[in-house]
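Asker: Sequence isn't available, so here's the structure alone:
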């Protein structure tokens, strides 16, 4: 809950998504024109998942994998 109470920063999130050497989200996922299409497109993830679900998928990326992936 303490993480979810923090304000979001889309520009910082974009930097983290695209960064090399740390998280490697863009190696499998796409947001708009950036990243790769190995995993689900995350462009509209905020419309499909709640903040709690997004946080859970960041903390445990393999916990829920849709059958199509």
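Answerer: Yes, it's here. These numbers were taken from a predicted model, which means no experiment stands behind them.
Asker: so where's the protein shaky on pLDDT?
Answerer: 22 (pLDDT under 70).
Asker: cutoff 80 now
Answerer: Judged by pLDDT under 80, the chain has its weakly predicted residues at 20-23, 66, 69.
Asker: Got the phi and psi for the nearest residue to residue 35 once chain neighbours are set aside?
Answerer: Ranked by Cβ to Cβ, 6 or more residues apart in numbering and with sequence neighbours excluded, the top spatial neighbour of residue 35 is residue 26, at 3.9 Å. Where you see a C-beta, it was placed from the backbone N, CA and C, and this is true even at glycine. Here is the backbone geometry of residue 26 (degrees, to the nearest 10): phi -70, psi -10.
Asker: Tell me which residues touch residue 36, please.
Answerer: 26-30 (Cβ atoms under 8 Å, 6 or more residues apart in numbering).
Asker: do the same with residue 23
Answerer: Contacts of residue 23 (Cβ under 8 Å, 6+ apart): 16-17.
Asker: Can I take it that it is in a helix?
Answerer: No. The assignment for residue 23, made by DSSP: H, G, I helix; E, B strand; the rest coil, is coil rather than a helix.
Asker: how close does it sit to residue 1?
Answerer: Residue 23 sits 22 Å away from residue 1, going by Cβ to Cβ, to the nearest Å.
Asker: Most widely separated two among the contacts of residue 36?
Answerer: 27 and 30 (10.6 Å; Cβ to Cβ).
Asker: Which one's more surrounded, these two?
Answerer: More crowded of residue 27 and residue 30, by other Cβ atoms under 10 Å: residue 30, with 18 against 11.
Asker: And the more buried one, its phi and psi?
Answerer: Torsion angles, degrees, to the nearest 10, at residue 30: phi -120, psi 140.
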